[in-house]
Every structure is written in structure tokens, then in C-alpha cells.
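> pasting the structure only:
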């Protein structure tokens with residue numbers, strides 16, 4: 001038989017590079033064909049990938065052999081839906097498919113298939129800013145950068161600063177997401193490859209060398225199979241299509257998560273995270289991962305408690321964040337604090353000198369604390385070096401922390417230790 005269902009993308013729910021699409025297989029018979037139409041905004045969606053999370057292959061796409069990856073679809077301009085046909089390979093057990101969507105927009109969307117539903121994320125950073133340069137995606141999927149270029153971080157083949165956007169060499173199309181670090185940039189292509197350029201002192205370009213490059217170079221071993229990339233100060237991490245995490249570059253504080261403090265110019269597997277991860281966030285010298293179970297694990301520098309495990313001791317391998325063993329939708333990390341968007345609001349931990357944890361104090365916290373007044377209605381969160389912001393379900397934004405340059409958007413330059421609404425937004 002054929003079960004036909006329309007999968008509609010609803011209003012934005014979160015900001016995260018992956019979501020789980022759970023299929024209760026007792027709803028289907030072994031060998032039964034399941035059809036679903038995925039409807040989306042053609043102006044934002046670029047690329048869709050669906051794969052089996054578990055090692056046991058439970059679903060396959062009609063007309064293809066059984067494999068970990070069920071479907072990989074490049075969305076053509078103007079296309080607003082695709083129809084997918086699956087075949088259930090077994091029945092009577094609950095299993096999981098994961099949908100990754102590389103998009104021109106940030107929000108996650110809610111997908112429904114048959115009797116099951118889950119949040120499937122849409123992550124495709126259109127713009128990303130570093131210390132002295134900025135990069136953005138074009139409508140054609142190309143990359144343009146501007147600003148400082150002293151080590152080639154603009155990617156145009158030169159080391160000449162540019163006050164206007166310049167095209168990144170060889171990346172005129174086919175890019176789904178970008179991530180900017182200190183003086184380097186990484187791009188995730190629609191075929192799941194990672195390319196980086198710019199400063200390479202610690203091997204953060206991932207090409208096996210420590211030589212700066214003014215043009216994109218392919219990260220060793222990551223020419224396919226990547227669904228998200230995150231750039232820290234001088235290290236970067238990738239999330240693979242099987243839910244694993246690999247990192248490269250500076251490892252002085254253990255931020256690569258491989259149990260050592262040795263820099264690596266090529267990706268190394270993060271200990272214990274070969275699968276089961278749905279989002280990553282690289283801070284200055286620490287890294288965090290959101291698991292498919294909604295838990296958070298962090299590793300690396302912990303001087304201010306940014307790992308969230310109740311200590312200030314660095315960890316060379318992932319440690320569980322206290323109290324966040326489920327219910328987390330998205331994570332954000334920067335410099336020395338980390339935040340989570342949870343099913344009940346937002347929580348932050350780590351350094352709090354400027355009130356960027358949002359709990360009304362300036363006391364550092366080695367465990368998550370609830371952001372004051374945000375017990376519901378959060379749809380996305382991001383952490384800056386000295387401040388933090390969220391988008392709300394009402395369509396507004398709230399920020400807290402340092403405000404010396406007016407970065408909270410509340411019309412003042414007053415430090416705020418709890419969230420304040422951004423004025424004139426949207």
C-alpha cells in the first residue's frame with residue numbers, strides 16, 4: 001500500500017543544522033511504500049538530505065539500494081516541493097531518519113510524516129562575521145567577502161583589504177553555508193564538502209599544512225558527507241551525515257576533543273561522538289555538541305565554566321552539561337560562554353562579566369542558569385563575545401549583556417543583566 005502525506009514547513013522554530021524525523025515503523029508494514037511531498041519556500045531552501053541514523057538501515061528510497069543516506073536532493077531555483085518515495089525495510093520497531101536542509105535562511109521547521117513528527121532544522125548561514133572581515137552567500141550560492149585581507153581571508157587570491165565585497169575564487173555557486181573564524185573562513189558546499197581559506201597558523205584550514213591560503217582549499221577527507229560546519233577562533237568543526245563530529249586546527253585547550261592538546265592540520269574524530277549529534281557550536285577555545293536526544297556535551301577550555309559541567313577544569317574530551325540531558329533545541333557558543341535554546345526557554349553558562357548569561361547577575365556560572373524572563377517563546381539564540389540575543393515567537397528580538405556600542409539595540413548604551421527588547425524590530 002501507499003501512505004501519502006504532505007510534509008509542510010511551518011513557522012520558524014529554532015536555529016540548528018539538523019533535526020530528527022522519527023518514523024514509528026509499526027505504522028508501516030515491511031516492504032510498504034511511503035510517499036511524502038516536502039513543500040518549502042523556494043527562496044530559502046537549497047538542499048535536502050535524508051539518511052538513516054542507526055547503523056541498521058530501516059528505510060530506503062524507491063529505486064535505490066539500501067544505504068545510510070536515503071536521499072540527497074539539490075533544490076532547483078523556483079521549485080517549491082519535491083515528492084519522495086520510501087520503502088520500509090522492517091516493521092514493528094521504532095527507528096529514526098534525519099533530515100538535513102541546507103538553506104538560504106536560518107530557522108528550523110516542523111515536519112510531519114504520517115503519525116510521527118519532529119523538528120527538522122534548516123541551517124545555512126547567509127552571512128558570518130569575523131574579527132576584521134565578513135562573508136556572505138549570494139542568491140546564486142556563491143560567496144563574497146569584504147574587510148581585512150592580510151592573510152587572504154577574503155579568498156580572492158590576494159592579500160589586499162577590500163571595503164566592498166569581492167568574489168571568493170572558485171566559489172561562484174554551489175555553497176550552502178559559511179562560517180567565519182578569526183582571520184579565516186570555511187564554506188560548506190551543496191555536495192557536503194568543506195573548503196577553507198585565510199590564516200592557517202594552527203592548521204585551521206584543514207588541508208594538512210600550516211600555510212596561509214588566499215584561495216579556498218579542500219579540508220582533508222571532507223570532500224563529501226558534511227552537513228554543518230562551525231568556525232571557532234582558530235579551530236573548526238564539521239558535523240557529518242552520520243551524526244559524527246570532526247575538528248581541526250588549534251588544540252591548546254583540548255577544543256578538538258580527541259583527548260590531546262596537539263594541534264591538527266587535518267580533521268580528527270571527537271572522542272565518543274562518532275554518531276548521534278545533530279548540531280555543533282565552536283567557541284573561542286571550546287566546542288559544544290547537541291545530541292539527537294536533546295542533550296549537550298562540551299569540551300576544551302573551561303576557565304570560566306563554559307563547559308557547563310560544574311567545574312572550571314578543562315576537558316580534552318566531551319563532558320555532559322549539567323542538567324541538559326534532554327529538551328535542548330539549539331546551542332550557541334562564543335569566546336567564553338555558551339547558551340542553549342530549550343523547550344522551556346533559554347539557559348546560559350560560563351563567563352558573566354558583562355551580564356551575558358542573562359540571569360540578572362555578573363557572577364560566572366559553571367552550570368546552566370535560566371535566562372531571566374525567557375521561560376517560553378524563544379525560537380533562535382546566538383551568542384556574541386560580550387552579549388547574547390534571541391528571536392521570539394512573537395517576531396521580536398531580545399538581547400542582554402554588554403551594550404557599550406549599542407549592540408543590544410534598546411536605544412541605550414547601558415549594560416543589561418537580563419533581556420531587553422530590541423526596539424524597532426522587526
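Yep, that arrived. Everything numeric in this text was worked out from a predicted model, so none of it was measured. Numbering: from 1, shown residues only.

> pLDDT weak spots in the protein?
1-126 (pLDDT under 70).

> quick check: residue 241 vs residue 175, distance?
17 Å (CB to CB, to the nearest Å). Every C-beta, even on glycine, is put in place using the N, C-alpha and C of the backbone.

> quick check: closest non-adjacent residue to residue 200.
residue 212 (5.0 Å; CB to CB, 6 or more residues apart in numbering).

> can you pull the contacts of the nearest residue to residue 168 once chain neighbours are set aside?
Leaving aside its chain neighbours, residue 168 sits nearest to residue 155 (3.7 Å; criterion: CB to CB, 6+ apart). Going by CB atoms under 8 Å, 6 or more residues apart in numbering, residue 155 touches 135, 143, 145, 168, 169, 171, 185, 197, 198, 214, 215, 216.

> helix or strand for the fifth one, just tell me which one.
Element membership of residue 169, judged by DSSP states H and E, is empty: it is in no helix or strand.

> hmm, residue 215 and it touching each other?
Yes - with contact defined as CB atoms under 8 Å, residue 169 reaches residue 215; the gap is 4.3 Å.

> now the common contact residues for the two.
Residues touching both residue 169 and residue 215 (CB under 8 Å, 6+ apart): 155, 156, 157.

> how much space separates the nearest residue to residue 264 once chain neighbours are set aside from residue 189?
Excluding the flanking residues, the one nearest residue 264 by CB to CB, 6+ apart is residue 248, at 5.2 Å. Separation of residue 248 from residue 189 (CB to CB): 17 Å.

> what is the burial count for residue 188?
28 (other CB atoms under 10 Å).

> so where do the helices sit in the stretch 101-250 of the chain?
Counting by DSSP state H, counting those that start in this stretch, one finds no helices in the stretch 101-250 of the chain.

> turn the shared contacts of residue 169 and residue 215 into JSON lines, including distance to residue 419.
Below are those laid out as JSON lines (distance: CB to CB, whole Å):
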{"residue": "155", "distance to residue 419": "36"}
{"residue": "156", "distance to residue 419": "39"}
{"residue": "157", "distance to residue 419": "44"}
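
> distance of the residue nearest to residue 168 from residue 221?
Counting by CB to CB, the gap from residue 155 to residue 221 is 21 Å.

> just to revisit the earlier point, between the shared contacts of residue 169 and residue 215, which sits nearest residue 353?
The shortest gap between residue 353 and any of these belongs to residue 155, at 34.3 Å (CB to CB).

> thinking again about what came up before, how much space is there between the residue nearest to residue 264 and residue 336?
In terms of CB to CB, residue 248 sits 21 Å off from residue 336.

> more neighbours, the two?
Using other CB under 10 Å as the criterion, residue 248 and residue 336 rank with residue 248 on top: 30 against 24.

> circling back: neighbour count: residue 241 and residue 175, which is higher?
Between residue 241 and residue 175, counting by other CB under 10 Å, residue 175 is the more crowded of the two (25 against 21).

> my guess is the more buried one contacts residue 135, does it?
No - counting by CB under 8 Å, residue 175 sits too far from residue 135 to count as a contact (9.9 Å).

> overlap in contacts of those two?
Joint contacts of residue 175 and residue 135 (CB under 8 Å, 6+ apart) are residue 143.
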